[in-house]
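S.K.: with the input below, show me the fold.
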Amino acid sequence: GWLGDLDIYRTLMGTGNHVSIQMTLMKTGAGLGFDLSNNEGVAEVSTVLPDSAAGPAGLKSGDLIRQIDGKTYFTCEAVVEAIRGHPPGKMMSFVIVRREVGGPSMSDPTEALFRQGLAHWCDESLLLNAGAQHIITVDTPAAAVLQFEVIAHNYDIGVKVGEKLGVDDNHEALGRGMLLRMRERECRGHIPLPHAGSFDVVVDNSFSFVRSKRVSYTFALLTESQHEELSRAQRLSQLKNEVGERSRLSVDLGHNIIEQENQLLRLRQQLGSLEAALSTARLEKRENDRLLAKAEAEQTKLQNS
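M.R.: Numbering: from 1, shown residues only. This is a model prediction of the structure:
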């Protein structure tokens with residue numbers, strides 16, 4: 001049964017402050033290379049063996065095991081049984097939940113601003129079956145901005161944002177309906193939520209009758225001022241990256257110019273040598289032609305005498 005607290009439950013369900021990570025490990029005769037703890041009522045990684053494949057794969061102490069081979073587990077006992085059920089030599093896929101202790105890192109200001117919004121939703125590996133939808137209900141106390149990034153690992157995916165429609169006393173639908181409808185392989189942007197209320201954010205695969213799709217998504221509910229600050233920070237980050245790239249390109253182009261100038265200098269030196277050789281050859285030919293004409297004239301004179 002469930003022994004963890006509410007924060008842990010929210011983390012495993014994808015609503016807490018966390019990062020979801022996929023990795024694949026091979027079970028050997030010695031195991032997978034990590035130990036589990038049941039201290040918080042869930043399968044928490046307590047230690048990672050230094051000589052195992054788990055360390056280089058990115059597994060860390062404190063990570064929570066959420067899924068094994070696509071199946072979600074909530075208790076340590078269930079995870080242990082699932083691992084024991086796999087024979088050595090077989091690859092096992094894991095979805096690991098990593099809690100962000102102490103809040104977001106300020107080393108990435110755009111990420112920090114993104115996660116400091118009114119609410120945040122993230123999943124690195126959501127599997128949407130053909131015809132399925134994943135719906136997130138967003139409640140906002142005032143007008144706000146929803147920032148989003150949805151990426152389908154294969155094919156395209158739909159994103160829809162609309163007001164959560166209520167009904168009045170006559171069972172008439174309330175609200176103004178759809179605010180956003182996109183269908184791309186990568187959907188990014190933001191959409192203003194014009195007033196307080198509930199909105200449905202839909203990651204949509206209902207148009208597909210055959211293909212299941214693996215999707216990663218991130219949504220953040222921001223105040224208008226937070227969105228403006230985030231936009232400025234993102235633009236500043238883009239400009240910083242552009243300045244860095246263009247600075248490196250400038251250095252590379254400078255080196256290339258120097259190299260080509262040196263090559264041109266060598267070619268000019270070669271050209272000078274060739275022109276001198278050509279001039280000498282012309283002089284030699286002119287003198288040779290003079291001597292040839294003289295010899296031919298003398299030859300003709302002797303033949304006629």
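S.K.: low-confidence ranges, the chain, go.
M.R.: Counting by pLDDT under 70, the chain contains low-confidence ranges at 1-30, 40-41, 99-118, 165-176.
S.K.: need the strands for it, in chain order.
M.R.: Secondary structure of the chain, counting by DSSP state E: strands at 18-26, 34-37, 44-48, 64-68, 71-72, 91-99, 119-128, 133-140, 144-152, 157-163, 178-184, 186-193, 197-204, 213-222.
S.K.: out of those, which gets nearest to K294?
M.R.: strand 186-193 (85.5 Å; C-beta to C-beta). From N, CA and C alone the C-beta is placed, and that goes for glycine too.
S.K.: list the buried ones in the closest one?
M.R.: Neighbour counts over strand 186-193 (16 or more other C-beta atoms under 10 Å) mark C187, H190, I191, L193 as buried.
S.K.: what about K160, neighbour count?
M.R.: 18 (other C-beta atoms under 10 Å).
S.K.: list the contacts for the residue nearest to it when sequence neighbours are not counted?
M.R.: Distances taken as C-beta to C-beta, 6 or more residues apart in numbering place V202 nearest to K160, at 4.2 Å, with adjacent residues excluded. Residues near V202 by C-beta atoms under 8 Å, 6 or more residues apart in numbering: Q133, H134, I135, I136, G158, V159, K160, V161, G162.
S.K.: show me the contacts for the nearest residue to the fifth one once chain neighbours are set aside.
M.R.: Okay, so that is G158. The shortest distance from G158 to any non-neighbouring residue, by C-beta to C-beta, 6+ apart, is to D204 (3.3 Å). By C-beta under 8 Å, 6+ apart, the contact list for D204 reads Q133, I157, G158, V159, K160, R183.
S.K.: farthest-apart pair in the residues you listed, please.
M.R.: Largest separation among the contacts of D204 by C-beta to C-beta: Q133 and R183, giving 13.0 Å.
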